[in-house]
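**Student:** Have a look at this fold, sequence not included:
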Ligand code: GLU
């Protein structure tokens, strides 16, 4: 199917982007927003851009960018421009564009819509503490808005570091339109004088995001609802530069089944988890396409003529999404990232595979050469016949490990303290880098702090991960099993115990 190019209201060709920050594992939300942008661009003969927003150096994770590319490709998305494929508006990695942001901050200084603020970190902290004590919302008090040119020159001559802040116009308001909502008006008195350029010369998200969206000629900003609160600052920035606004589409946030914002506490949110646990990419993409309700459900007539049952209306491919997905249908109700539904869909897709495809799916995921090759050395020295391989490694190939209390509960510990300690293990492992040494030291640090012996500590985790008290070396097994799957197993163990404890009450 081909789509005629359409244009934005100001006659520009459609260009959209996703702008993930490489701060960890690729998030399902990135693929969700990626899919929406992809559909929007392709349905309009436009371009889909991938930009990496890596200017927050404190949260930067070096391996993350590559993982984001791989995860998006895994679900079947491709992009027209990006750091890996290039394009006419590069570089597409913000850390390679710092000069551009500095120049743009200078433009705002020159036209009077931004100013230098010379306060030290300690002065700003003192200001914040005073405001907290006075129960007023913490924000910059605007003191350096009014420095005289002579004061500014004196500070500069002293070599004092400074940030550049947006001079938010006082006592007025601005209205912008969100394409999925009605007009949104914000009172400038509620908008802080946002830092645009930090004293280390790095831009904040707001400056870099707006400058890039403008320079990359983005016509439609389609992103998650959590950014709606940043949009007033962005609109003020567009105004300060004298640039036209893009259209904004803020997509409903994904939710857990209990309607809270999707979080790794309740659901695995890493695409790597789904890939490693044997979900099919086409099922994942279909599932993401269902969220938000942009796909028209089959009409009564179609249900009857094609003999569909209602659930089959939920199964569709990327070409079908391109044909039928309608942005105006999106409902703001908060789509639920429902694992039961995803599993059901995945099962449907598994059953559609030919035997050869099914075998290939196994051999590229949970029975891949790489995976088996990584497991083999963990058990080689412990085996007498090759036939024992399955006995010693079954936990690597199982989805559901539920050891009985007799296995995981240490003799000298109570149920409550053990479950509480396992929850601490989860927190410690979440923060750990995923190699054997880091895992071991994270666990040992925790054990020392909570007075759990190394043996009790490791045995508990071994029981939870493998279902048994004898297993190949624990930390190496955790590494091979993977971070997201190991954490998920531990999380599911905790959930089961919580349920059991509630039943006993
Ligand atoms: N870097 C932001 C993120 O991590 C981009 C948000 C936006 O699309 O403006 O999602």
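**Tutor:** Received, thanks. Small disclaimer: the values here were computed from a predicted structure and weren't measured.

**Student:** Okay, now the unreliable bits of the stretch 151-300 of the chain?
**Tutor:** Within the stretch 151-300 of the chain, the segments meeting pLDDT under 70 span 298-300.

**Student:** how about the helices in it?
**Tutor:** Taking DSSP state H, counting those that start in this stretch as the test, the helices found in the stretch 151-300 of the chain are 205-215, 231-241, 271-276, 281-290, 300-306.

**Student:** hmm, the helix or strand residue 33 falls within touching the ligand?
**Tutor:** In the assignment (DSSP states H and E), residue 33 maps to helix 28-43. No - counting by C-beta under 6 Å from any ligand atom, the ligand has no neighbours in helix 28-43; the shortest distance is 7.3 Å. No exception for glycine: its C-beta is placed from N, CA and C like everyone else's.

**Student:** Ends of stretch 238-249, what's the gap?
**Tutor:** End-to-end span of stretch 238-249 (C-alpha to C-alpha, to the nearest Å): 17 Å.

**Student:** What of stretch 12-26?
**Tutor:** End-to-end distance for stretch 12-26: 31 Å, by C-alpha to C-alpha.

**Student:** any idea how far that stretch is from the chain center?
**Tutor:** 11 Å (C-alpha atoms, centre = their mean, to the nearest Å).

**Student:** what about the residue lying farthest from the centre of the chain, which SS state?
**Tutor:** In the chain, counting by C-alpha atoms, centre = their mean, residue 150 sits farthest out from the average C-alpha position, at 46.1 Å. Recorded secondary structure, residue 150: helix (DSSP: H, G, I helix; E, B strand; the rest coil).

**Student:** Against the ligand, how distant is it?
**Tutor:** Separation of residue 150 from the ligand (C-beta to the nearest ligand atom, to the nearest Å) stands at 39 Å.

**Student:** Quick check: that residue vs residue 157, distance?
**Tutor:** Residue 150 is 10 Å from residue 157, where distance means C-beta to C-beta, to the nearest Å.

**Student:** Please apply the same query to residue 474.
**Tutor:** 60 Å.

**Student:** neighbour-wise, which of these two wins?
**Tutor:** Looking at residue 474 and residue 157 with other C-beta atoms under 10 Å, you find the greater number of neighbours at residue 474, namely 18 against 8.

**Student:** Quick check: chain neighbours aside, which residue is closest to that one?
**Tutor:** residue 462 (5.1 Å; C-beta to C-beta, 6 or more residues apart in numbering).

**Student:** Check residue 486 too.
**Tutor:** residue 478 (5.0 Å).

**Student:** does that neighbour sit in a helix or strand, and which one?
**Tutor:** Per DSSP H and E, residue 478 falls inside helix 474-481.

**Student:** Please name the residues that touch the residue nearest to residue 486.
**Tutor:** Counting by C-beta atoms under 8 Å, 6 or more residues apart in numbering, residue 478 touches 429, 434, 436, 439, 461, 465, 486.

**Student:** From those, pick the one nearest the ligand.
**Tutor:** Nearest to the ligand among these, counting by C-beta to the nearest ligand atom, is residue 434 at 21.9 Å.

**Student:** ok, now how distant is the closest residue to that closest one other than its chain neighbours from residue 270?
**Tutor:** Among residues not flanking residue 434 along the chain, residue 483 sits closest, at 4.3 Å (C-beta to C-beta, 6+ apart). Using C-beta to C-beta, one obtains 8 Å as the distance from residue 483 to residue 270.
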